[in-house]
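>>> give me a model of this one.
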Amino acid sequence: MIPLTSCKKQTINKLEGKWRLWYLTKQEQNIIDFWEFKKPNILHRQAFYENDSILDTIGFWSIKSEIFEPTELEIKGFGASFDGIYRIDKLNKNFLFITRIKLPSGASSGAFRRYEFTKEK
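Next up, the predicted model:
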């Protein structure tokens with residue numbers, strides 16, 4: 001059980017901090033979006049839009065790590081576009097790539113969304 005706890009803690013330590021979301025679709029490229037993963041499981045999002053409006057949202061996050069399974073990230077409080085269960089595809093000191101695999105209801109149909117982030121210094 002110690003290696004699993006250690007792996008989860010390592011993931012949390014890498015995840016904490018401020019990340020910039022890079023949108024992959026042309027219509028969203030004019031949004032500057034930052035997510036900050038804080039203790040204890042607080043997620044702060046600031047999105048800056050081309051028309052000078054700012055969206056400031058507080059949500060929640062948690063990590064689920066099981067042996068022989070991909071690490072999952074749960075996000076709540078950000079609305080239908082973002083809430084759900086994500087598979088962490090890549091996480092290091094510079095990059096975070098996540099793919100939504102389940103909606104908040106637990107359904108996987110229609111859940112797919114991929115987000116790519118870079119760590120802010």
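
>>> from here on, just use CA atoms for contacts and neighbour counts.
Fine.

>>> find me the pLDDT at Glu50, would you?
If you check Glu50, the pLDDT there is 86.

>>> what about the helices in this structure?
Counting by DSSP state H, the chain has helices at residues 2-15.

>>> for the protein, which spans come out with low pLDDT?
Filtered on pLDDT under 70, the chain yields the residue ranges 1-5.

>>> can you pull out the strands in it?
With DSSP state E as the criterion, the chain has strands at 17-22, 32-38, 42-48, 54-64, 72-76, 84-91, 95-102, 113-119.

>>> ok, now how distant is Gly59 from Glu69?
Shown here: Gly59 relative to Glu69, a distance of 25 Å by C-alpha to C-alpha, to the nearest Å.

>>> repeat that for Phe97.
Distance from Phe97 to Glu69, by C-alpha to C-alpha: 17 Å.

>>> over to Phe37?
With distances taken as C-alpha to C-alpha, Phe37 is found 23 Å from Glu69.

>>> what's the answer for Thr57, then?
30 Å.

>>> for those two, indicate the residue with more neighbours.
For Thr57 versus Glu69, neighbours defined as other C-alpha atoms under 10 Å are more numerous around Thr57 (14 against 9).

>>> and the more buried one, what does it touch?
By C-alpha atoms under 8 Å, 6 or more residues apart in numbering, the residues touching Thr57 are 44-46, 78.

>>> what's the answer for Tyr23, then?
Contacts for Tyr23 (C-alpha under 8 Å, 6+ apart) come out as 29, 31, 115-116.

>>> and Trp35, by the same measure?
18-21, 43-46.

>>> with Gln46 instead?
33-35, 54-57.

>>> list the buried residues in stretch 98-115.
Neighbour counts over stretch 98-115 (16 or more other C-alpha atoms under 10 Å) mark 98-104, 111, 115 as buried.
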